[in-house]
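Student: This is the structure alone, sequence omitted:
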């Protein structure tokens, strides 16, 4: 007979970064209360994750012998607009050319600092669709936010049933996480500038410029999306097209021009530029 967990269902949201990976390992191996919960681990793929991120998620699954559910969000066949459905994929079958991302853009338009909806739609709602399919309507969400990231913590965490183990019962800083991974047999092999979706709009301009200089072809998909959907505005938010990904409505063409500037010119231009919570991975806000 299966154990009756009651309402103690725990979603571990695995973003694909080092912090969420460590959190997953700790919850499944060290957390004293782990046997009292029904736990699922879910990774949501946008189709624009770096290849080494996908490899890392699969490696965690194999090295630690844990079942990580891979999901991708797509428009539901029923209803109008973007009603998120999901499909289950694997490391081998996961989208790698932005297919889920473009499916969302084709319905909702281009996300940006003025319209920051992509993680919510492609990650949170895709995961919720999966959980609903297995009968989970009431559950707690474990998110990989550290003790040194207080601004990323939701003040309504109790009401929203959010669990921050690395900011609470097992507090960890970024340096703690880096040190822990230095002792492991494998790690996330990713360039610091490529974290998150490869050229995510949350990145600051210097980071985007470095990406443009190092790998200009990595912007091809982002350019294609701006050309195809830059005049699509289904949200009717009062803003005027064309719509581009980057802050202050900068386009990939603007990033290319910025890459021609000298370091002093770029520094002056981006003096007050900051990251919008961008790290090596996107944590979902529930």
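Tutor: Happy to help now that I have it. These numbers were taken from a predicted model, which means no experiment stands behind them.
Student: I'd say residue 245 and residue 198 touch.
Tutor: No - the pair residue 245 / residue 198 is not scored as a contact, 11.9 Å apart, by Cβ atoms under 8 Å. Every C-beta, even on glycine, is put in place using the N, C-alpha and C of the backbone.
Student: out of these two, which sits in the more crowded spot?
Tutor: residue 245 (27 against 22; other Cβ atoms under 10 Å).
Student: Give the buried residues for stretch 178-197.
Tutor: Within stretch 178-197, the residues scored as buried using 16 or more other Cβ atoms under 10 Å are 180, 188, 190, 193-197.
Student: Stretch 225-240 too?
Tutor: Under 16+ other Cβ under 10 Å, the buried positions of stretch 225-240 are 225-226, 229-230, 232-233.
Student: Just the pLDDT at residue 280, thanks.
Tutor: Looking at residue 280, its pLDDT reads 50.
Student: Need the max-distance pair from the buried residues of stretch 178-197.
Tutor: The most widely separated members of the buried residues of stretch 178-197, counting by Cβ to Cβ, are 180 and 197 (25.1 Å).
Student: how many other residues sit next to the residue nearest to residue 239 when sequence neighbours are not counted?
Tutor: In space, and not counting its chain neighbours, residue 239 is closest to residue 114: 6.5 Å by Cβ to Cβ, 6 or more residues apart in numbering. Residue 114 has 14 neighbours, counted by other Cβ under 10 Å.
Student: right, and residue 114 touches residue 240 too?
Tutor: No - with contacts defined as Cβ under 8 Å, residue 114 does not count as touching residue 240, sitting 11.5 Å away.
Student: what about the longest helix in this structure?
Tutor: Longest helix of the chain, by residue count under DSSP state H: helix 51-64.
Student: buried sites along it?
Tutor: In helix 51-64, the ones that count as buried by 16+ other Cβ under 10 Å are 52-54, 56-61.
Student: And for stretch 123-138?
Tutor: Result for stretch 123-138 [16+ other Cβ under 10 Å]: buried residues 123-131.
Student: gap between that stretch and the chain center?
Tutor: Distance of stretch 123-138 from its chain centroid, counting by Cα atoms, centre = their mean, to the nearest Å, is 17 Å.
Student: Ok, stretch 67-83 next?
Tutor: Distance, centroid of stretch 67-83 to centroid of chain: 16 Å (Cα atoms, centre = their mean).
Student: now stretch 135-144
Tutor: 17 Å.
Student: Run through who's touching that stretch.
Tutor: 7-13, 15, 17, 19-24, 27, 40, 131, 160-166, 281, 283-284, 286 (Cβ atoms under 8 Å, 6 or more residues apart in numbering).
Student: all helices in the stretch 1-150 of the chain, in order from the N-terminus.
Tutor: Remark: helices assigned in the stretch 1-150 of the chain by DSSP state H, counting those that start in this stretch are 18-29, 51-64, 99-108, 118-119, 125-133.
Student: Any chance of those helices in a markdown table with mean pLDDT and distance to residue 153 as columns?
Tutor: Output for the helices of the stretch 1-150 of the chain, formatted as a markdown table (pLDDT from 0 to 100; distance: least, Cβ to Cβ, whole Å):
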| stretch | mean pLDDT | distance to residue 153 |
| --- | --- | --- |
| helix 18-29 | 97 | 13 |
| helix 51-64 | 97 | 24 |
| helix 99-108 | 94 | 27 |
| helix 118-119 | 92 | 16 |
| helix 125-133 | 96 | 19 |
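Student: For residue 92, find the nearest of the ones you listed.
Tutor: Closest among the helices of the stretch 1-150 of the chain, once you apply Cβ to Cβ, is helix 51-64, at 8.8 Å.
Student: Contacts for that closest one next, please.
Tutor: By Cβ under 8 Å, 6+ apart, helix 51-64 touches 14, 16-17, 21, 24-25, 28-29, 43, 45, 66-68, 70, 91, 94, 96, 185-190, 281.
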